[in-house]
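Give me a model of this one.
(one chain, ligands or ions: 3)
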Amino acid sequence: MAKPKVAFYWCASCGGCEEAIVDLHEDILKVAELVDIVFWPCAMDFKTNDVKNMQDNEINVCFINGAIRTDEQVEMAHLLRKKAQIIVSFGSCSQLGGIPGLANFWDKESIFASSYGGRCPSVNNPDGVVPQEISEVPEGELTLPAFHNTVKTTDQVIDVDYYLPGCSPAPYLTMRAINTILSGDLPPKGTVLAPNKALCEVCSRNETKPEKLSIDRVNRVSLVDVDPEKCFLAQGIICMGPVTRSGCNGEADGRCVAANMPCRGCYGPTTEVHDVGAKMIAALASVVGLDGEENMSETAVQKLLDQIVDPAGTFYRFSLAKSYFRRKIMTDPKEEK
Ligand code: SF4
Ligand code: SF4
Ligand code: SF4
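Ligands and ions are numbered 1, 2, ... in the order given. Purely as a prediction, here's the structure:
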């Protein structure tokens with residue numbers, strides 16, 4: 001019997017999710033034994049035409065990582081959707097917009113200005129040249145894919161069958177997902193292929209989280225001595241564990257918590273949570289300054305809340321593009337693309 005055909009593709013991505021496939025270590029050999037990898041441009045020499053020349057639905061499963069930011073990524077996502085029976089949205093960027101999604105606070109012009117213009121101290125570009133979709137050169141016309149104002153998740157562009165969360169997904173979850181899909185015993189469409197339990201539920205520090213939590217000072221992890229045994233929230237350090245799916249480290253403490261760092265929420269929400277940031281803000285709003293709130297002046301409350309440096313980056317680090325907000329409103333609607 002012919003082996004199932006598997007494809008991997010990256011869109012707006014740091015490359016870490018591709019590394020996560022390589023992190024399967026010797027299991028990658030098992031994967032290679034079980035399947036034919038028919039498209040993986042990061043690791044092997046494939047061209048877009050290799051995919052275009054395939055029959056529709058010829059690929060059994062395609063893993064797409066990274067968010068969608070350019071015309072090329074939109075085109076490739078549609079092409080792979082047509083050629084694959086199952087699309088797995090792989091990693092935080094693909095599922096939730098991830099770190100690239102934070103760019104939705106700006107537009108293309110301001111991003112180019114900060115990357116190529118005078119606002120970028122490491123760039124010497126006196127003429128302020130930015131990437132052009134079409135450039136005339138002596139040899140002819142060079143083209144680059146259009147760069148969009150808005151970063152989108154994969155499922156905001158094409159239909160997605162399953163999600164593997166994480167920045168990046170844990171190798172054991174990837175291997176489990178591949179085996180599940182190859183077994184043909186498929187979970188319902190839309191399933192997130194990771195435990196549907198909040199990180200706090202598997203966290204060894206959970207028992208030190210007081211029943212009635214009250215935060216009277218918000219601490220930054222880099223500026224305090226962190227007690228490695230105690231719940232971060234009980235130390236006034238924002239930890240996204242209450243609203244984040246577990247699984248990044250099996251049933252053990254989250255990868256970051258185990259390294260004495262608070263969870264930043266890369267595994268995204270459990271099914272009970274629609275918007276991780278909003279949920280965490282709501283949870284914190286009920287505990288910040290709780291004990292003395294009724295006696296606090298507005299200025300004192302504001303001072304306390306001001307201790308949350310970079311609220312957007314704290315609560316929506318991985319999920320802005322998939323949140324209720326999605327992006328900063330563009331004044332010109334045609335710029336929304
Ligand atoms: S999810 Fe994380 S590791 Fe994967 S592409 Fe995005 S930033 Fe990189
Ligand atoms: S808030 Fe963080 S440290 Fe506290 S129990 Fe949850 S995951 Fe653990
Ligand atoms: S602890 Fe949180 S931020 Fe760290 S890997 Fe796990 S889910 Fe992601």
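
What helix or strand is residue 113 located in?
Using DSSP states H and E, residue 113 sits within helix 108-116.

which other helices and strands contact that helix?
If contacts are counted by 3 or more CB pairs under 8 Å, 6 or more residues apart in numbering; DSSP states H and E, helix 108-116 sits against strand 147-152. In short, each C-beta sits where N, CA and C put it, glycine included.

where does residue 122 land in three-state SS?
Here residue 122 is coil, with the state taken from DSSP: H, G, I helix; E, B strand; the rest coil.

show me what contacts the residue of the chain found nearest ligand 3?
Of all residues in the chain, the one sitting closest to ligand 3 is residue 254 (2.7 Å; CB to the nearest ligand atom). Counting by CB atoms under 8 Å, 6 or more residues apart in numbering, residue 254 touches 199, 202-203, 241, 244, 246, 248, 263.

Compute the inter-axis angle for the helix holding residue 113 and strand 147-152.
Here the directions of helix 108-116 and strand 147-152 differ by 100 degrees (axes from the mean of the first three to the mean of the last three CA atoms, to 10 degrees).

re the thing from before, just the closest of the contacts of residue 254 to residue 59, please.
Checking the contacts of residue 254 against residue 59 with CB to CB, the nearest one is residue 248 at 27.8 Å.

Let me know the helix or strand that that closest one is in.
Using DSSP H and E, residue 248 falls in strand 248-251.

who's in contact with the closest residue to ligand 1 within the chain?
Going by CB to the nearest ligand atom, ligand 1 is nearest to residue 16 of the chain, at 2.5 Å. The contact partners of residue 16, taken as CB under 8 Å, 6+ apart, are 91, 167-168.

try 6 Å
residue 168 (CB atoms under 6 Å, 6 or more residues apart in numbering).

ok, so what distance separates residue 221 from residue 210?
As judged by CB to CB, to the nearest Å, residue 221 and residue 210 stand 19 Å apart.

who has more neighbours, these two?
Legend: neighbour count by other CB atoms under 10 Å for residue 221 and residue 210, higher for residue 221 (15 against 10).

separation between the nearest residue to that one once chain neighbours are set aside and residue 222?
Of all residues not flanking residue 221 in the chain, residue 237 sits nearest, at 5.2 Å (CB to CB, 6 or more residues apart in numbering). Distance of residue 237 to residue 222, given as CB to CB: 10 Å.

What of residue 163?
With the distance defined as CB to CB, residue 163 ends up 31 Å from residue 222.

For those two, indicate the residue with more neighbours.
Counted by other CB under 10 Å, residue 163 and residue 222 do not tie: residue 163 has more neighbours, with 26 against 8.

Relative to ligand 2, which residue of the stretch 1-150 of the chain is the closest?
Taking CB to the nearest ligand atom, the stretch 1-150 of the chain has residue 92 as its residue nearest ligand 2, at 17.2 Å.

what about that residue, how many neighbours?
34.

give the contact list for it.
By CB under 6 Å, 6+ apart, residue 92 lies in contact with 98, 167, 266, 318.

farthest-separated two in these?
98 and 266 (7.9 Å).

which of the two has more neighbours?
residue 98 (32 against 27).

Quick check: chain neighbours aside, which residue is closest to that one?
Leaving out its chain neighbours, the residue that sits closest to residue 98 by CB to CB, 6+ apart is residue 92, at 4.1 Å.

do you know how far the residue nearest the centre of the chain is from residue 281?
Residue closest to the average C-alpha location in the chain (CA atoms, centre = their mean): residue 92, at 2.1 Å. Going from residue 92 to residue 281 by CB to CB gives 19 Å.

cool, and residue 139?
For residue 139, the distance to residue 281 (CB to CB) stands at 53 Å.

more neighbours, those two?
Neighbours were counted for residue 139 and for residue 281 using other CB under 10 Å; residue 281 has more, 18 against 6.

Secondary structure element for that one, which one?
Residue 281 is located in helix 276-285, with elements delineated by DSSP H and E.

which residues sit against that helix?
240, 242-243, 265, 269, 273, 315-316, 319, 323.

try 8 Å
Contacts for helix 276-285 (CB under 8 Å, 6+ apart): 215, 238, 240, 242-244, 265, 268-269, 273, 311-312, 315-316, 318-320, 323-324.

If any of those are buried, give me the ChimeraX selection for them.
Buried subset of the contacts of helix 276-285, written as a ChimeraX selection, criterion 16 or more other CB atoms under 10 Å:
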select :215,238,240,242,243,244,265,268,269,273,315,316,318,319,320,323
